[in-house]
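Peer 1: fold the stuff below for me.
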Amino acid sequence: MSKSEDAPKRTVTIDTETPGTEIFIIDANGTVVARSVRTLECQLPPGLYKIRYRVGDYVTDKLEEIPVGQGEFRISTPELPIITPAPLPTAGDTSELTPAKFAAEVSRNADMHQGSGGSLFIFVRADNDEKLDNPASGLSLHTFDGALIGDFAGAHQSRLCSGCTIELNPANYLLRARVSGLPIEQTVVISPGWQTQVYIRLADKLGPRALSERVASESGAYTNDSADRWQFQLSESGVMLVRDDSRKQPTAMDIRWTAAARQALTAGRSRAAPNREMMSALLSGKFENPMLGIYAGHLLALQENPDMDLLREVVDNLLRLVGYDHPDVTSLLIYLRDPRSAGRYYREPPMLRASWSILVNASTAENDLRAPRSYASRIGASLWGAGPWLIWRTPPAEQDQREPSNTSDAPLQALIQQAVIGKLEPELDALARARKLACELTPTERVLAQCLISAAKQIKLAKELTADADRRKTFSFVYQISRFAVDSQLLKDTKATVAETFTPDRLTRLTALPYSTVLDAASTLAQKLASHSTG
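Peer 2: Below is the predicted model of the structure:
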């Protein structure tokens, strides 16, 4: 690649028209010579450049030649790498029932009436049209008390798609999907006056190549219960909010903008957070899709030095739109240390992992923001997958009503001591290999066990490094004998790090569990270890 060094620089402009899109201009030496978000304007010498467009973890590269000349040179934007399961409306009028038209029709008419004041629209789209039960089969909606509200096995169908609308009271609900092992769950929030739209991809894990290699004689429908074949991609779900009274459908721009912001939040790309100019434009539009504002607020909160005034403005606008009961908005109040967050506790988990992180980091051993014995307090050991959404395996039934039975930290301290002296790791390994139902570890016990094993390995490594260093010294035998009484500085530092890890507040953040739950897990884990060793 080359460029004319003698020619004057030209003004180069790029407008992706999509917030959350990062732009990089890379020269012939591989150096990033300009970067921005959504729009970019800079002065560059004529030559050949690579323009990189990044949306979350996805990138698109395009070579562009900036010619010699005068005046502004505009670079057109290629198809951006935006991934969304929501069907994009097609331009022009067509008689064909497209996925977007099907979604619009189903979302406007409720199939079930389980309340009033808000609604939920579920849309599932399968990867291919091979014989398959209803794509939404395997999805169901519940209250956090366990009551079934609706099963989506009977949702409307159109080719690869299925959809269903339920009228509901504004509240938090549990969306459950059957997969291999325990079902996975996530929160869906219904806000007053809004329809929450959830778009889900049903992935064919065999893929198109494996599908083409299937023998022609094989027949029969594949159900969504075939966990080795189909999988709900909840981590990639798209969520929109539309006015419940008008049921105005999201435009292609709404879908793309929201998906781009979701991808940026998934990847933790805080640089992609809208700046004040972009946010002002969004705010002037009154956030007709509040999910875009929620994503933008959490992207701002991820920044090293966020614009707190801008974040407060975003949150105030969101509160006016969806109220004070949306957990992913009120979590931002906690982040801002806003007085309006005082005394707020969460019985149900939020929708976003970013909100969950705020709750966990703001919780202490003495004041956990997850209400005791609530659903939110029980899922920390069962988190599942990756992505922007907080998703978890269904907590074991036997834990649902169990209250913490132990308030003493003696069992925990005993386990920590065993880990430090190197006894715990082999005992836990033997317990894990035991085929006794009574010795099986619960998710909370397993999380605590992993923390203890990690601490044991740190101590073990420090001892090995110390021994190796001692063997290299003159009169090494003296050092080796002295280690029975005096720790090396490395071992002292490692033990101090382990001790800091197991302070109540640090352990609460590390495990994502309330401290009372950790103490309870330590008590039952110690009992199982004792029972196994004597058995």
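
Peer 1: who are the neighbours in contact with the most centrally placed residue in the chain?
Peer 2: The centroid of the chain falls nearest to residue 388 when counting by C-alpha atoms, centre = their mean (2.8 Å). By C-beta atoms under 8 Å, 6 or more residues apart in numbering, the residues touching residue 388 are 235, 262, 265, 266, 295, 352, 353, 354. For the C-beta atoms, the positions are set from N, CA and C on the backbone; glycine is no exception.

Peer 1: and stretch 379-398, how far out from the chain middle?
Peer 2: 11 Å (C-alpha atoms, centre = their mean, to the nearest Å).

Peer 1: keeping just the C-alphas, turn it into PDB.
Peer 2: Extracted C-alpha coordinates of stretch 379-398, given in PDB (Å, rounded to 0.1, in the frame of the first residue of the first chain):
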ATOM      1  CA  ILE A 379     -29.000 -17.900  41.500                       C
ATOM      2  CA  GLY A 380     -25.400 -16.800  42.100                       C
ATOM      3  CA  ALA A 381     -24.000 -20.300  42.000                       C
ATOM      4  CA  SER A 382     -26.000 -21.300  38.900                       C
ATOM      5  CA  LEU A 383     -25.100 -18.600  36.400                       C
ATOM      6  CA  TRP A 384     -25.000 -19.900  32.800                       C
ATOM      7  CA  GLY A 385     -23.500 -18.800  29.500                       C
ATOM      8  CA  ALA A 386     -22.100 -15.500  28.400                       C
ATOM      9  CA  GLY A 387     -23.600 -12.400  26.800                       C
ATOM     10  CA  PRO A 388     -25.400  -9.300  28.000                       C
ATOM     11  CA  TRP A 389     -28.300 -11.200  29.700                       C
ATOM     12  CA  LEU A 390     -28.200 -12.600  33.200                       C
ATOM     13  CA  ILE A 391     -29.100 -16.300  32.600                       C
ATOM     14  CA  TRP A 392     -28.900 -19.200  35.100                       C
ATOM     15  CA  ARG A 393     -29.800 -22.800  35.500                       C
ATOM     16  CA  THR A 394     -32.900 -23.400  37.500                       C
ATOM     17  CA  PRO A 395     -31.900 -23.600  41.100                       C
ATOM     18  CA  PRO A 396     -32.300 -27.100  42.600                       C
ATOM     19  CA  ALA A 397     -35.800 -27.500  44.100                       C
ATOM     20  CA  GLU A 398     -34.500 -28.600  47.500                       C
END
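
Peer 1: any idea of the mean pLDDT for the host helix or strand of residue 254?
Peer 2: Element membership for residue 254 (DSSP states H and E) is helix 252-266. Averaging pLDDT along helix 252-266 gives 90.

Peer 1: same for that helix, what does it pack against?
Peer 2: strand 47-55, strand 238-243, helix 290-302 (3 or more C-beta pairs under 8 Å, 6 or more residues apart in numbering; DSSP states H and E).

Peer 1: hey, where'd the helices end up in the stretch 351-500 of the chain?
Peer 2: All helices of the stretch 351-500 of the chain, identified by DSSP state H, counting those that start in this stretch, fall at 353-362, 375-378, 410-420, 424-433, 443-471, 476-482, 489-501.

Peer 1: now do the longest one against helix 410-420, angle only.
Peer 2: On the basis of axes from the mean of the first three to the mean of the last three C-alpha atoms, to 10 degrees, helix 443-471 is oriented at 30 degrees to helix 410-420.

Peer 1: give me the angle between helix 443-471 and helix 489-501.
Peer 2: Using the same axes, to 10 degrees: helix 443-471 against helix 489-501 is 170 degrees.

Peer 1: so what are the domain limits for this structure?
Peer 2: If you go by automatic domain parsing, the domain ranges for the chain are 10-75, 99-213+220-250, 269-399, 410-534.

Peer 1: could I get these as CSV with distance to residue 89?
Peer 2: Shown next, in CSV, are the domains of the chain (distance: least, C-beta to C-beta, whole Å):
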stretch, distance to residue 89
domain 10-75, 16
domain 99-213+220-250, 4
domain 269-399, 14
domain 410-534, 40
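
Peer 1: got a winner among the contacts of residue 388 for most neighbours?
Peer 2: Among the contacts of residue 388, residue 295 has the most neighbours (other C-beta atoms under 10 Å), with 31 neighbours.

Peer 1: quick one: neighbours of the closest residue to residue 408 other than its chain neighbours, just the number.
Peer 2: Leaving out its chain neighbours, the residue that sits closest to residue 408 by C-beta to C-beta, 6 or more residues apart in numbering is residue 519, at 7.1 Å. A count of nearby residues for residue 519, using other C-beta under 10 Å, gives 23.

Peer 1: just to be sure, residue 519 is in a helix?
Peer 2: Yes: assessed by DSSP: H, G, I helix; E, B strand; the rest coil, residue 519 belongs to a helix.

Peer 1: that one touches residue 411, doesn't it?
Peer 2: Yes: counting by C-beta atoms under 8 Å, residue 411 is a contact partner of residue 519 at 7.5 Å.

Peer 1: winner for burial among the helices of the stretch 351-500 of the chain?
Peer 2: helix 375-378 (a mean of 23; mean count of other C-beta atoms under 10 Å).

Peer 1: partners of the longest strand along the chain in the sheet?
Peer 2: The strand spanning the most residues in the chain, taking DSSP state E as the definition, is strand 194-204. Applying DSSP bridges, strand 194-204 is found paired with strand 118-126 (parallel), strand 230-232 (antiparallel), strand 238-243 (antiparallel).
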